[in-house]
Every structure is written in structure tokens, then in C-alpha cells.
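Colleague: Requesting a structural model of the entry that follows:
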Amino acid sequence: MKTKLNELLEFPCFFTYKVMGIADQKLPDQVVEVVQRYAPGDYAPKVTTSSKNRYHSISITIKVVNIKQIETLYRELANLPLVRVVL
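Modeller: Model (predicted):
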């Protein structure tokens, strides 16, 4: 069964991104900076460090208004130099 994400969501809604990248203190600020461009607001991302302190996992929940906004944020977050994966 193939279902598109926009068929499963009712907009506006809250959507959580998980960004994984190199453990650098700048990464959370860079993620918030990108999110602010497309969905201004107050954000408190949750940062988790890997067991060997090499990577950070950042979870950030935002209110999205359409599927284009979701897709744009995926692309923009993935383009950050420190980011390795965006889920």
C-alpha cells in the first residue's frame, strides 16, 4: 500500500525532525536557524550525544502548514555541513 505523507497528515500539524550530525556545539544552533527561516517560533531542541561523543542527535518539533514546508526543511537541514542524516 503506497500512501503519501500529505495524505496522512492534516495541516496545520506538529511535525518532529530528527537531525543527526557531527558532535559540534554549533549544530543545534544551525538547526534552529534553518527552522526559523521557514517556521519562526520559540524552539527548544532536544540534543542527545552518542555513546562515544562523536555524534549529536537533535529532535525538534515544529508546526507545519503544508507538505512543501516539510520537504523544504528536509532539504535545508540535510544541506548543513555538520549534518549526516535527517529523519
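
Colleague: Now the helix or strand of the chain with the lowest mean pLDDT: buried residues?
Modeller: Lowest mean confidence among the helices and strands of the chain (mean pLDDT, DSSP states H and E): helix 5-8, at a mean of 78. Residues of helix 5-8 classed as buried: none (neighbour count, 16 or more other Cβ atoms under 10 Å). (Each C-beta comes from the backbone N, C-alpha and C, glycine too.)

Colleague: next one: stretch 44-63
Modeller: Those would be 45, 47, 55-58, 60, 62, for stretch 44-63 by 16+ other Cβ under 10 Å.

Colleague: Just checking the distance from that stretch to the centre of its chain.
Modeller: 10 Å (Cα atoms, centre = their mean, to the nearest Å).

Colleague: On the three-state scheme, the residue nearest the centre of the chain is what?
Modeller: The chain has Tyr17 as the residue nearest its centroid, 3.5 Å off, counting by Cα atoms, centre = their mean. Secondary structure assignment for Tyr17 (DSSP: H, G, I helix; E, B strand; the rest coil): strand.

Colleague: leaving aside the residues next to it on the chain, what's closest to it?
Modeller: Ile60 (5.4 Å; Cβ to Cβ, 6 or more residues apart in numbering).

Colleague: so where's this structure shaky on pLDDT?
Modeller: 1-3 (pLDDT under 70).

Colleague: What segments of it are strands?
Modeller: For the chain, applying DSSP state E gives strands covering 13-22, 46-49, 55-64, 83-86.

Colleague: Could you report the neighbour count for the closest residue in space to Gln36 that isn't next to it in sequence?
Modeller: Distance criterion Cβ to Cβ, 6+ apart; nearest residue to Gln36, sequence neighbours excluded, is Tyr43 at 7.6 Å. Using other Cβ atoms under 10 Å, Tyr43 has 14 other residues around it.

Colleague: Lys63 is in contact with Tyr43, correct?
Modeller: No: using Cβ atoms under 8 Å, Tyr43 makes no contact with Lys63, being 10.6 Å away.

Colleague: okay, among the buried residues of stretch 44-63, which ones form the most distant pair?
Modeller: Tyr55 and Ile62 (22.0 Å; Cβ to Cβ).
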